[in-house]
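Peer 1: Provided below are the primary sequence and the corresponding predicted coordinates.
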Amino acid sequence: MKALMILAACALPFAALAESEGPKFGMAGLLSAKNKQDLPPITLSAGMPLADGPWVLQSGTYYEFEIQGDGSQELALIGPEFFRAIWIDEIVVEGLEIRPLGLDSVEFDEAGEMEIGFIAIKPGRYYLKVPGSTGDTQRLEITIQ
């Protein structure tokens, strides 16, 4: 009992010091604001390019991007290999947050917008594209380093 009292007395100054200085740790490194980058949006529109150019991502970095569909045509975006090389934190559609376990594709039947937040995980070369299309402008090349 005496040993417990001595141990508690020794720990009190350290506990008071820790409380007075406030917490020293913030959000987890991967999800912290310092680790977040916004990517340019992807546009789903009949006959228009998906994006301005290829994406080069860093493994371990948190990214967000928007997919904007203008409703000119029913269009989808596929990229199963890419979606398996990332960890999807959330997909936001009209304020509704979706936290999927995995993803293969998305489709816009009418005009709308979605935002996807993810962490790049597996290095490699990937793509997102409009299914059935053959043009380079309908394909977004993605490299995870």
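Peer 2: Nice, thanks for sending it over.

Peer 1: by contact count, what packs against the strand or helix carrying Ile88?
Peer 2: Secondary structure from DSSP states H and E places Ile88 in strand 86-93. If contacts are counted by 3 or more C-beta pairs under 8 Å, 6 or more residues apart in numbering; DSSP states H and E, strand 86-93 sits against strand 96-98, strand 112-120. (Glycine included, C-beta is placed from N, CA and C.)

Peer 1: Okay, and the beta partners of the nearest residue to Trp87 once chain neighbours are set aside?
Peer 2: Spatial nearest neighbour of Trp87, chain neighbours left out: Ile119 (4.7 Å); criterion: C-beta to C-beta, 6 or more residues apart in numbering. Judged by DSSP bridges, the bridge partners of Ile119 are Tyr62, Trp87.

Peer 1: Give me the pLDDT for Glu97.
Peer 2: pLDDT recorded at Glu97 is 96.

Peer 1: swap in Ala46?
Peer 2: Here the pLDDT value assigned to Ala46 is 88.

Peer 1: returning to that earlier point: list the buried residues of the strand holding Ile88.
Peer 2: For strand 86-93, burial by neighbour count (16 or more other C-beta atoms under 10 Å) applies to Ile86, Ile88, Asp89, Ile91.

Peer 1: try stretch 133-145
Peer 2: For stretch 133-145, the neighbour count (16+ other C-beta under 10 Å) marks Gln138, Arg139, Leu140, Ile142, Ile144 as buried.
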